[in-house]
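**Student:** What would the 3D arrangement of this be:
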Amino acid sequence: MSTQSGFSAKTAEKLNASLPIDITATQVQHYPELAKLLTDLSQRITPEGVSVQVKQELHQAEEELRHEKHTWLLQHILYKEIEEFLVDSELKNQDVALSPDDKQFHTMLQECLTFSEIGDYLRCSPDPSCKVNLLGLTEESIQNQNPHRKNLGYLQQKLIPRLEERLADRCENLQSFQEAEAVLDSSPTLAKSSQLPALMEAQKRKLEEDKHQLERLRAAKEKQFQTYYQTLLDSLHLLEKLITKYRLQSQTEHDTISAEWLVGKCDGLCLKIKLIELQILCDTYTLETTKALQQIKETLHSAQVEAEKSKTYVTKTLQTYESLGSEFDELVMEYQRLKEETDNKEWALSELLKSDS
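**Tutor:** This next block holds a predicted model:
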């Protein structure tokens, strides 16, 4: 089983390196037909997802483009160098007067360059197949108007050494900039500058390799992140399962036992409170206290019976008075008035007797 897992891991790693995919060893092991299909595709498709034939055609087109670009860059460098040479000559003429030969050479070169530049503006359409030119002019007719066309050999013979000297100075400057740390090197700078293209190509290849290495590292980092992330998810799932199955189940049992224990403890406390209450009652109501309370009860009961009898008598008396009507009320009022007068006279008589004595 371990051998098969190792083979699946190697196959998955090989497929991920050959194709822009991210397949795992488990998927390779579970879907062998898919792994076989991806293996066949890896022989027809590059790691960038392009077919091998298209890759070859693209490589050929890039080589042709590089060649054309190289040719254009050479011409562009020469053109720019001639422009800068003319500008430098004009600046030099402002400081120090040029010799007649140099002035003539400068004028001839400027006019030849102008006639060459005019030919770039003759075409009215960017389509190379279109043969319509400005005002019907052609490059040949423009060059025929150049008064110095017979002296092109003389111009080239005199211009080429100067351009070579200027380009050599530029190469030396580039080499000095490239090897700024090797200032004490005694080898000729111009000889080393001839190796500058190869050196730049080597540095470019190294940068491309570093870039590919960084891309591989990034892909490996993303793959490692996915692995860690999946492992973390699996760990969390397992932890949740353990908590649900063991921790929560044990907690439920623990809570049930604790609840039963608390219920028993509560019942015991209730019984203990009841016992204390009975003890207090027993200590409070002794035999003598019970007899005294019984006598008090009997006395209160007798008083209650007498009060009930008195209440009944008064009630009957009131009912009798009420049955007599309003005439009895007048008699009662008269009796009350006479009684008050009698009381007043008795008080006055007693006061009079006190004063006499």
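**Student:** Any regions of the protein where pLDDT drops low?
**Tutor:** 1-5, 47-49, 95, 97, 118-149, 178-195, 247-249, 322, 324-327, 355-357 (pLDDT under 70).
**Student:** Check which helices and strands the longest helix seen in it sits against.
**Tutor:** Looking across the chain with DSSP state H, the single longest helix is helix 196-242. Helix 196-242 sits against helix 152-178, with contacts defined as 3 or more C-beta pairs under 8 Å, 6 or more residues apart in numbering; DSSP states H and E. C-beta here means a position set from N, CA and C on the backbone, and glycine is covered the same way.
**Student:** make it 10 Å
**Tutor:** helix 2-18, helix 152-178 (3 or more C-beta pairs under 10 Å, 6 or more residues apart in numbering; DSSP states H and E).
**Student:** now these in CSV, with mean neighbour count and distance to Glu298?
**Tutor:** Output for the helices and strands packed on helix 196-242, formatted as CSV (neighbours: other C-beta atoms under 10 Å; distance: least, C-beta to C-beta, whole Å):
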stretch, mean neighbour count, distance to Glu298
helix 2-18, 14, 103
helix 152-178, 13, 133
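**Student:** Quick one, which of those helices gets closest to Gly268.
**Tutor:** Closest approach to Gly268 among the helices and strands packed on helix 196-242 is made by helix 2-18 (63.0 Å; C-beta to C-beta).
**Student:** Flag every buried residue along the next helix or strand along the chain from the closest one.
**Tutor:** The first helix or strand that comes after helix 2-18 along the chain, using DSSP states H and E, is helix 25-30. For helix 25-30, burial by neighbour count (16 or more other C-beta atoms under 10 Å) applies to Ala25, Val28, Gln29.
**Student:** again with stretch 103-116
**Tutor:** Neighbour counts over stretch 103-116 (16+ other C-beta under 10 Å) mark Phe105, His106, Met108, Leu109, Gln110, Cys112, Phe115 as buried.
**Student:** and the next element down the chain from the longest helix of the chain?
**Tutor:** Going down the chain from helix 196-242, the next helix or strand is helix 248-284, by DSSP H and E.
**Student:** between that following helix and helix 196-242, what angle do the directions make?
**Tutor:** Put simply, helix 248-284 runs at 40 degrees to helix 196-242, going by axes from the mean of the first three to the mean of the last three C-alpha atoms, to 10 degrees.
**Student:** Save the buried residues of stretch 103-116 as a markdown table, and put in secondary structure and distance to His212 too.
**Tutor:** Converted to a markdown table, these look like this (DSSP: H, G, I helix; E, B strand; the rest coil; distance: C-beta to C-beta, whole Å):
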| residue | secondary structure | distance to His212 |
| --- | --- | --- |
| Phe105 | helix | 52 |
| His106 | helix | 51 |
| Met108 | helix | 52 |
| Leu109 | helix | 47 |
| Gln110 | helix | 49 |
| Cys112 | helix | 48 |
| Phe115 | helix | 49 |
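**Student:** Closest one of these to Thr286?
**Tutor:** The nearest member of the buried residues of stretch 103-116 to Thr286, counting by C-beta to C-beta, is Gln110 at 144.7 Å.
**Student:** I'd say that closest one and Ile82 touch.
**Tutor:** Yes: here Gln110 reaches Ile82: they are 9.4 Å apart, a contact under C-beta atoms under 10 Å.
**Student:** ok, Gln27 to Leu38 distance?
**Tutor:** 10 Å (C-beta to C-beta, to the nearest Å).
**Student:** shared neighbours, those two?
**Tutor:** Common contacts of Gln27 and Leu38 (C-beta atoms under 10 Å, 6 or more residues apart in numbering): Ala12, Leu15.
**Student:** can you give me the helices in the stretch 1-150 of the chain?
**Tutor:** Applying DSSP state H, counting those that start in this stretch to the stretch 1-150 of the chain gives helices spanning 2-18, 25-30, 32-42, 52-95, 100-118, 139-144.
**Student:** Please dump those into CSV; it should also carry distance to Thr286 for every row.
**Tutor:** Shown next, in CSV, are the helices of the stretch 1-150 of the chain (distance: least, C-beta to C-beta, whole Å):
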stretch, distance to Thr286
helix 2-18, 92
helix 25-30, 89
helix 32-42, 99
helix 52-95, 117
helix 100-118, 139
helix 139-144, 145
